[in-house]
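Asker: Need coordinates for the following:
(2 chains)
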Amino acid sequence: MAIIGTETEYGILAPDEPAADPEVLSAAVVDSYPGPGTPSLAETHNRVLGNGARLYVDHGHPEYSTPETTNAADATAHDLAGDAIVLRAAAEASRRLGVRLKLFKNNTDGKGSSYGFHENYLLSRALEWESIVDALPTFLVTRVVFTGAGRVGLGTHGDSAEYQLSQRADFFERVSGLDTTANRGLVNTRDEPHARPSRWRRLHVIAGDANRSPYATWLKLATASLSLAALEAGFTPPGRLADPVAAFRTVSRDLSVRAALPLVGGGTASALNLQRRQRDACAAYLATAEFTGGDEIVREWSEMLDDLDRDPASTADRLDWTAKLGLLEAVRERQGLAWDAPRVAQLDLAWADLDASASPFSALERAGRLVGWIEPATVAEAVAGPPTDTRAFARGYLVANHPDAVVAATWDSVHVRDTRGLIHNLRMSEPHGHARGSIDVSATIDRLCADWDAATAGRGAASDYTARS
Amino acid sequence: MSERIQRRRTRQVTDDASASELTSTHRAAKAVDYDAILDEIDSVLEADAEEYVRSFVQKGGQ
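Answerer: Take a look at the predicted model:
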């Protein structure tokens, strides 16, 4: 069973005080979230919430990490819950600070800065790293045809005001690497599993866009998690991009989605062709293994690739980049505007604005022009509580129901003070464990600690456990 | 949780109940009223688009 999570760094702006320090604004957002969560300590501004998520400040942005989920639909619901939570927090922070605050789910300011949307997938340690580095760049580059959030501006500083598919493509300079803030690699080599390292690896994918469309978020996570499961089972299609970094820019700039991309060993293939090969490898894998929801993923993926092949505009009910392009082309035509018109750049920015009254994305959604993929009630559940089928349940349960007892919480442990004042380290090194049903929710905190201590006593976990804060 | 989401997840065009089973061809054929979309948000967008876009400067991130 997969373990999936996302991390979003939100753009932040006080429109009436544009010089305000983003660290201060972001800290105020984190501190102001009124829902259940660990307290925000001065200097750290790092909270674990009652739904098992983490809300914190990173590089001058409010950042939200979803709790661990087992499938793309749950991960998408929790990704959308993050939007709702930071929006609520920003409203409270705005009231406290007395300034208007705006939050943006995008990945660049068009002035040289980029900030991330990261995906996390738990992989078996048995999978060779070399096979990941071999297969992943081609997949990550060609999936831009459906994961792109759309961007007005080419180059890191938007020197040329034309449209491209991806917010992130211009900010990657190498195939693999550890850096995330400069000289970024398509495949990030960070290896912090937040779990038993002898058993698990966490693949940290930093090359994706933050999508507003829930369908695009779902398809991005669903195709990646299925492709990684297929790779773990040895199913990988033929065809590798000769120069993935160059191809990233080529695919992002190709509104026709037809560009011929040079392959290792000669010849070319289009992004759609390489995605179809990946889809076929996944279908072959599904014929041999159980993967919950796999048939639905292949069906939606196939229809998407066919629709893009026939007419990219036909995907405007599902994808950010085609929906945004449709809007901007209509505005340009009616008002006689060039791509470098301020009005066009403003609408590109407003697309990412989490304020539903200001975003054309939200207006299209209200008008029923985007498929309703995740129910609002499901998102509300993800705001209110943790997933029930991972250790996030135990984390969220303890934070929400025993706030006075929780001393600290990380991904793989919760430190709890019992009524005698003793601190217990409730370890959760297995992400699939500690789900609903594993905890007696009627028990007192002392009973919970005693049960936990008894359950983990005698196990050799400590020697294989890496504490992280 | 996952099973419940799976059941609920359907492709629906929300403004037209009878259109819930439209093919993508049909969906695309129905033109979007962009004027109405823009009317909805124009009253809350900053009047000075150029200044607003210029003021959006972010720190680098991950």
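Asker: residue of chain B with the smallest distance to chain A?
Answerer: Per CB to the nearest CB, B:G61 is where chain B lies closest to chain A, at 2.7 Å. No exception for glycine: its C-beta is placed from N, CA and C like everyone else's.
Asker: Tell me who's in contact with A:V141.
Answerer: A:186, A:207, A:241, A:244, A:247-248, A:251, A:271 (CB atoms under 8 Å, 6 or more residues apart in numbering or on different chains).
Asker: picking up where we left off before, setting aside sequence neighbours, what's the nearest residue to the residue of chain B closest to chain A?
Answerer: A:Y115 (2.7 Å; CB to CB, 6 or more residues apart in numbering or on different chains).
Asker: ditto for A:T108
Answerer: A:S114 (4.7 Å).
Asker: Report how many residues lie close to the one you found.
Answerer: Other residues lying near A:S114 total 23 when counted by other CB atoms under 10 Å in any protein chain shown.
Asker: check contacts around A:G294.
Answerer: By CB under 8 Å, 6+ apart, A:G294 lies in contact with A:226, A:282, A:286.
Asker: one step back: enumerate every residue touching the residue nearest to B:G61.
Answerer: A:9, A:11, A:59, A:61, A:107-108, B:58-62.
Asker: Turn the residues you listed into JSON lines, including pLDDT, neighbour count and secondary structure.
Answerer: Below are the contacts of A:Y115 laid out as JSON lines (pLDDT from 0 to 100; neighbours: other CB atoms under 10 Å in any protein chain shown; DSSP: H, G, I helix; E, B strand; the rest coil):
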{"residue": "A:E9", "pLDDT": "98", "neighbour count": "27", "secondary structure": "strand"}
{"residue": "A:G11", "pLDDT": "98", "neighbour count": "28", "secondary structure": "strand"}
{"residue": "A:H59", "pLDDT": "92", "neighbour count": "19", "secondary structure": "coil"}
{"residue": "A:H61", "pLDDT": "97", "neighbour count": "28", "secondary structure": "strand"}
{"residue": "A:N107", "pLDDT": "98", "neighbour count": "26", "secondary structure": "coil"}
{"residue": "A:T108", "pLDDT": "98", "neighbour count": "26", "secondary structure": "strand"}
{"residue": "B:Q58", "pLDDT": "96", "neighbour count": "25", "secondary structure": "coil"}
{"residue": "B:K59", "pLDDT": "90", "neighbour count": "19", "secondary structure": "coil"}
{"residue": "B:G60", "pLDDT": "83", "neighbour count": "16", "secondary structure": "coil"}
{"residue": "B:G61", "pLDDT": "80", "neighbour count": "22", "secondary structure": "coil"}
{"residue": "B:Q62", "pLDDT": "83", "neighbour count": "20", "secondary structure": "coil"}
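Asker: which of those residues lies closest to A:E381?
Answerer: Distances from A:E381 to these, taken as CB to CB, are shortest for A:E9 (24.5 Å).
Asker: With just CA atoms, put stretch A:223-231 into PDB.
Answerer: Taking C-alpha atoms only, stretch A:223-231 is exported to PDB below (Å, rounded to 0.1, in the frame of the first residue of the first chain):
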ATOM      1  CA  THR A 223       0.200   8.400 -12.000                       C
ATOM      2  CA  ALA A 224       3.300   8.900 -10.000                       C
ATOM      3  CA  SER A 225       2.400   6.500  -7.200                       C
ATOM      4  CA  LEU A 226       1.300   3.800  -9.700                       C
ATOM      5  CA  SER A 227       4.400   4.300 -11.800                       C
ATOM      6  CA  LEU A 228       6.600   3.900  -8.700                       C
ATOM      7  CA  ALA A 229       4.800   0.800  -7.600                       C
ATOM      8  CA  ALA A 230       5.300  -0.600 -11.200                       C
ATOM      9  CA  LEU A 231       9.000   0.400 -11.000                       C
END
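Asker: for that stretch, what is the average pLDDT?
Answerer: Mean pLDDT, stretch A:223-231: 98.
Asker: Same check on stretch A:380-390?
Answerer: The predicted model assigns stretch A:380-390 a mean pLDDT of 98.
Asker: can stretch A:346-364 be found next to chain B?
Answerer: Yes. Using CB under 8 Å from any CB of the partner chain, stretch A:346-364 comes into contact with chain B via A:346, A:349-350, A:355, A:357-360, A:363-364.
Asker: Just the buried residues of that stretch, please?
Answerer: Buried residues in stretch A:346-364, counted by 16 or more other CB atoms under 10 Å in any protein chain shown: A:346-355, A:358-364.
Asker: repeat for stretch A:397-416
Answerer: The neighbour-count check on stretch A:397-416 (16+ other CB under 10 Å) flags A:397-400, A:402, A:405-406, A:409-416 as buried.
Asker: Sort out which of those are in helices and list them.
Answerer: A:397-400 (DSSP state H).
Asker: Could you report the pLDDT at the nearest residue to A:E92 once chain neighbours are set aside?
Answerer: Spatial nearest neighbour of A:E92, excluding adjacent residues (CB to CB, 6+ apart): A:S32 at 3.8 Å. Reported pLDDT at A:S32 in the predicted model: 97.
Asker: Poorly predicted segments of chain A, please.
Answerer: Scanning chain A for pLDDT under 70 picks out the ranges A:458-469.
Asker: Roughly how far does the closest residue to chain B within it sit from A:T8?
Answerer: Closest approach between chain A and chain B, counting by CB to the nearest CB: A:Y115, at 2.7 Å. Distance of A:Y115 to A:T8, given as CB to CB, to the nearest Å: 9 Å.
Asker: How about A:I445?
Answerer: Distance of A:I445 to A:T8, computed by CB to CB: 32 Å.
Asker: out of the two, which sits in the busier spot?
Answerer: A:T8 (22 against 18).
Asker: can I assume the more buried one is in contact with A:N106?
Answerer: No. A:T8 is beyond contact range of A:N106, at 10.1 Å (criterion: CB atoms under 8 Å).
Asker: so what sits against both of these two?
Answerer: Common neighbours of A:T8 and A:N106 (CB under 8 Å, 6+ apart) are A:A210.
Asker: Show me where chain B dips below the pLDDT cut-off.
Answerer: For chain B, applying pLDDT under 70 flags the ranges B:1-30.
Asker: mind listing the helices for it?
Answerer: B:2-8, B:24-29, B:34-42, B:49-55.
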